[in-house]
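*Asks:* Quick one, what's the 3D model for this:
(2 chains)
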2 protein chains.
Amino acid sequence: MTDRLRDRGERALLEAIRRLIPRGRGVRLGPGDDAAVLAPVRSPLLLTTDAMVERVHFRSRWLSPRDLGRRAFEVSASDVAAMGGRVVAAVLALTAPPTLPVASLRAMMAGVRDGACAAGGALVGGNLASGSDLSLTLTVLGTAASRPVTRAGARAGDQLFVTGTLGGAGLGLRSLMGARSISGAATAVGRWRRPRARLRAGAALARHGVAVAMIDLSDGLLIDADRLCAASGVAARIDADRLPLARPLRDLAPARARELALAGGEDYELLFAVRPARVATLYAARAALGCQVTRVGEVVAGRGVTVLAGGRVIAAGAAFGYEHFRRSPRRRRRTETA
Amino acid sequence: MTDRLRDRGERALLEAIRRLIPRGRGVRLGPGDDAAVLAPVRSPLLLTTDAMVERVHFRSRWLSPRDLGRRAFEVSASDVAAMGGRVVAAVLALTAPPTLPVASLRAMMAGVRDGACAAGGALVGGNLASGSDLSLTLTVLGTAASRPVTRAGARAGDQLFVTGTLGGAGLGLRSLMGARSISGAATAVGRWRRPRARLRAGAALARHGVAVAMIDLSDGLLIDADRLCAASGVAARIDADRLPLARPLRDLAPARARELALAGGEDYELLFAVRPARVATLYAARAALGCQVTRVGEVVAGRGVTVLAGGRVIAAGAAFGYEHFRRSPRRRRRTETA
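*Replies:* Numbers count the residues shown, from 1 in each chain, chains lettered A, B, ... in the order given. Down below sits the predicted model:
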């Protein structure tokens, strides 16, 4: 018979989980007391929290419990990457139905731990509560370079770059949501299931003083570029012909591939602005980033994001993708012909 | 018509909430970027997370949204108090059904902010997701005295003390859960609705080197004393005749009042161990604690918790109260006659 949460006491469960979690560097006291204790840190601190709720952000059948735990960590750690920071510690608040197999819970915790360890940090604590929806709330504590990279440092004339490739996770998610098979879906689904926070790239971009404004791509390039622009008080021009398409997108119709790269979301790549005089430094530092970087556009005066393809404006205005709580997602993008 | 979450975009909501949150000392960047940025801290860091889920931990009709937000903060901050620490910053991950009025959301955030400000910290970020259950996950970052007070420092011969009074919140909760009226219920309900983390007392006990082991009373004196004993590898003898009963308990039958003080839970007072030679220092430092302290027992060799009344053992063994996921809470307390 499957061992389920309802058959075990919370304390027995937490005891079992504690054994799974090794101490990390800088961890003076791990899980099991009232709070975790960490060694003092000389740099500015970063703090960010993110929740993943079943039926809102994922379905349990879409990914293994271990991938789910790891994914929750990476999504939260991606915010630290976007500030150019380093992960120190993570805590997980898990809400789960009493029918959840204990093995699934252990696998989720192992997934979070895998992510924290790979990032050079540690899972130092958690909370377990029963609830009708499975949800994982991951809070990550990080440290920043002496001057963290915010969204607000871009100015007209800067060039815009992205790490990695775009649209793969969006295609994977759509493939999981729909019944029909999509060419290249397996790779794309893997991309959605197993995002990796660009911690190495983010830290290198901050260290080399290359990125003057940065954001991670959770909701898609259009929305997140709009956020970076709004924070910086500028506008952006994106060149759709330059977008680094994820491999599975190359089999799709060009317009469809472009749409996924612009608005697919959940790629967790970094979008960043670079002063023209620093672009050479960026290219020189490329080996330290651990991934490709591609120039996708430029910062201009004004407000909002304009997308060009073949020299023509194909979209302009503030772009809205999936936003929680909306009855129907309103898309304010409008198609224009120059 | 009531303005509800489903009528507003997440971004518009977060914008509205951001305005509500003032910057605190040490906050270099508040909500709105990828992560909050805090000034470096010289002391060891504390990190703790707690979730409050509707229908598991509370019902919305039991308390106002503002009290709910404040309560979520205090419950999490209580873990920082139990380490003798100070609150630096808090982040809130809120999951809410789309029908939640926007005014309720704002009031919850205001409640969290009130708590963080009163504790000398700041609410620096959050996350908002839709979900069928309302839940508030509060993560608190704190700093510890040079040597944080854990659960593990007690040894045989130490005296056990509690702050404040016991059983009030437990009576209040039972009054809210039941239909029948209970004498003194209004005061007790207030005690449950508005707990206050014993931050001042916890920090003073750590600063004066008085508490050698400490825990906050979330699940009741019996369970939490058992946890402190297990961590320290000792046993405890509790004198039921010395328990500082909350005022509303004084109208109840003595056995009922004693049960609530021992096992009612959710008082968020501190239980701590003091070496006999330091008891005079504790009494001398009482003014700095901001609350009464009462000796409730002593630490002895062995395992588990024994409760005495009128010189007779009335309960012994490991005590289990409400534990999540159990189909039926098993109580292993056994009544003995010496």
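*Asks:* Could you check the pLDDT of the residue nearest to A:A316 when sequence neighbours are not counted?
*Replies:* Distances taken as C-beta to C-beta, 6 or more residues apart in numbering or on different chains place A:T306 nearest to A:A316, at 4.5 Å, with adjacent residues excluded. From N, CA and C alone the C-beta is placed, and that goes for glycine too. A:T306 is assigned a predicted lDDT (pLDDT) of 94.
*Asks:* in the sheet, who's paired with A:T306?
*Replies:* Beta-bridge pairing of A:T306 under DSSP bridges involves A:R237, A:A316.
*Asks:* Check the gap between it and A:V234 for me.
*Replies:* 12 Å (C-beta to C-beta, to the nearest Å).
*Asks:* Between the two, which is the more surrounded one?
*Replies:* A:V234 (22 against 18; other C-beta atoms under 10 Å in any protein chain shown).
*Asks:* ok, that one touching A:V300?
*Replies:* Yes - using C-beta atoms under 8 Å as the test, A:V234 is close enough to A:V300 to be in contact (6.9 Å).
*Asks:* overlap in contacts of the two?
*Replies:* Common neighbours of A:V234 and A:V300 (criterion: C-beta atoms under 8 Å, 6 or more residues apart in numbering or on different chains): A:A156.
*Asks:* sec struct for the closest residue to A:L249 other than its chain neighbours, please.
*Replies:* Nearest residue to A:L249, sequence neighbours excluded (C-beta to C-beta, 6+ apart): A:A257, at 4.1 Å. Counting by DSSP: H, G, I helix; E, B strand; the rest coil, the backbone at A:A257 sits in helix.
*Asks:* what number of residues lie near A:A257?
*Replies:* A count of nearby residues for A:A257, using other C-beta under 10 Å, gives 22.
*Asks:* Now do the contacts for it.
*Replies:* A:G167, A:L245, A:L249, A:R250.
*Asks:* switch the cut-off to 10 Å
*Replies:* For A:A257, the contact set (C-beta atoms under 10 Å, 6 or more residues apart in numbering or on different chains) comprises A:L166, A:G167, A:L171, A:A240, A:L243, A:L245, A:A246, A:P248, A:L249, A:R250, A:D251, A:G264.
*Asks:* same question, A:D224
*Replies:* Applying C-beta under 10 Å, 6+ apart, the residues contacting A:D224 are A:82, A:151, A:162, A:215-218, A:265, A:267, A:269-271, A:305, A:319, A:321, B:34.
*Asks:* Tell me the one of these nearest A:A96?
*Replies:* A:S218 (23.9 Å; C-beta to C-beta).
*Asks:* List the contacts of that closest one.
*Replies:* A:50, A:75, A:78-79, A:82, A:169, A:195, A:224, A:227, A:265-269, A:321, B:34.
*Asks:* any idea which of those has the most stuff around it?
*Replies:* Most neighbours among the contacts of A:S218, by other C-beta under 10 Å: A:A82, with 35 neighbours.
*Asks:* Provide a list of residues in contact with that one.
*Replies:* A:46, A:48, A:148-151, A:197-199, A:202, A:205, A:211, A:214-218, A:224, A:228, A:268-272, B:33-35.
*Asks:* Single out whichever of the contacts of A:D224 has the smallest pLDDT.
*Replies:* For those, the pLDDT minimum is A:G321, 44.
*Asks:* related to what we said a few turns ago, so which of the contacts of A:S218 is the closest to A:M108?
*Replies:* For these, the nearest to A:M108 is A:V75 (13.7 Å; C-beta to C-beta).
*Asks:* what sits against that closest one?
*Replies:* A:50-52, A:57, A:115, A:136, A:138, A:140, A:195, A:197, A:216, A:218, A:266, A:268.
*Asks:* What of A:T139?
*Replies:* A:T139 neighbours (C-beta under 10 Å, 6+ apart): A:47-51, A:76, A:89-93, A:125-126, B:47-49, B:91, B:93, B:125, B:127, B:137-141.
*Asks:* go on, A:N127?
*Replies:* A:10, A:14, A:31, A:91-95, A:137, B:48-52, B:76, B:79, B:137-139.
*Asks:* that older thread, common neighbours of A:T306 and A:V234, please.
*Replies:* The contact sets of A:T306 and A:V234 overlap at A:V300 (C-beta under 10 Å, 6+ apart).
*Asks:* which residues sit in contact with whichever residue of the stretch 151-300 of chain A sits closest to chain B?
*Replies:* Going by C-beta to the nearest C-beta, chain B is nearest to A:R151 of the stretch 151-300 of chain A, at 5.4 Å. A:R151 makes contacts with A:82-83, A:213-215, A:224, A:227-232, A:271-273, B:29, B:32-34, as judged by C-beta under 10 Å, 6+ apart.
*Asks:* out of those residues, which are inside strands?
*Replies:* Of the positions in the contacts of A:R151, A:A213, A:M214, A:I215, A:L271, A:F272, A:A273, B:L29 sit in strands, assigned by DSSP state E.
*Asks:* Am I right that A:V313 is in contact with A:V307?
*Replies:* Yes - applying C-beta atoms under 10 Å, one finds A:V313 in contact with A:V307, separated by 7.1 Å.
*Asks:* Between those two, point out the one with more neighbours.
*Replies:* Using other C-beta under 10 Å as the criterion, A:V313 and A:V307 rank with A:V307 on top: 27 against 14.
*Asks:* thought the more buried one was touching A:I238?
*Replies:* Yes - if you go by C-beta under 10 Å, A:V307 and A:I238 touch, sitting 4.8 Å apart.
*Asks:* what residues are shared contacts of those two?
*Replies:* What both A:V307 and A:I238 touch, as defined by C-beta under 10 Å, 6+ apart, is the set A:L221, A:L222, A:A225, A:L262, A:V296, A:G297, A:I314, A:A315.
*Asks:* Isn't the fifth one up against A:L245?
*Replies:* This points to A:V296. No - contact criterion C-beta under 10 Å: A:V296 and A:L245 do not qualify, at 11.3 Å.
*Asks:* If you count surrounding residues, which of those two has more?
*Replies:* Each of A:V296 and A:L245 has its neighbours counted (other C-beta under 10 Å); A:V296 has more, 25 against 18.
*Asks:* so who does the most centrally placed residue in chain A touch?
*Replies:* When C-alpha atoms, centre = their mean is applied to chain A, the residue found nearest the centroid is A:Y268 (3.4 Å). When contacts are counted by C-beta under 10 Å, 6+ apart, A:Y268 touches A:71, A:74-75, A:77-79, A:81-82, A:163-164, A:169, A:191, A:195-198, A:216-218.
*Asks:* three-state assignment of it?
*Replies:* Under three-state DSSP, A:Y268 comes out as coil.
*Asks:* Phi, psi for it please.
*Replies:* Torsion angles at A:Y268 (phi, psi; degrees, to the nearest 10) stand at phi 50, psi 40.
*Asks:* helices or strands up against the helix or strand hosting A:E298?
*Replies:* Using DSSP states H and E, A:E298 maps to strand A:293-300. Packing contacts for strand A:293-300, counted by 3 or more C-beta pairs under 10 Å, 6 or more residues apart in numbering or on different chains; DSSP states H and E, involve strand A:159-163, helix A:221-232, strand A:235-239, strand A:270-274, helix A:279-284, strand A:304-309.
*Asks:* one more time with 7 Å, if that's ok
*Replies:* Where contact means 3 or more C-beta pairs under 7 Å, 6 or more residues apart in numbering or on different chains; DSSP states H and E, strand A:293-300 is packed against strand A:159-163, strand A:235-239.
*Asks:* That strand pairs with which strands?
*Replies:* Per DSSP bridges, strand A:293-300 is paired in its sheet with strand A:159-163 (antiparallel), strand A:235-239 (antiparallel).
*Asks:* What's the mean pLDDT across the last one?
*Replies:* Meaning strand A:235-239. On average, strand A:235-239 scores 97.
*Asks:* if we look at that strand, which residues are touching it?
*Replies:* For strand A:235-239, contacts defined as C-beta atoms under 7 Å, 6 or more residues apart in numbering or on different chains pick out A:160, A:221, A:225, A:229, A:296-308.
*Asks:* Among those, the buried ones, what's the PyMOL command?
*Replies:* Filtering the contacts of strand A:235-239 down to the buried ones (16 or more other C-beta atoms under 10 Å in any protein chain shown) takes a single PyMOL command:
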select buried, chain A and resi 160+221+225+229+296+297+298+299+304+305+306+307+308
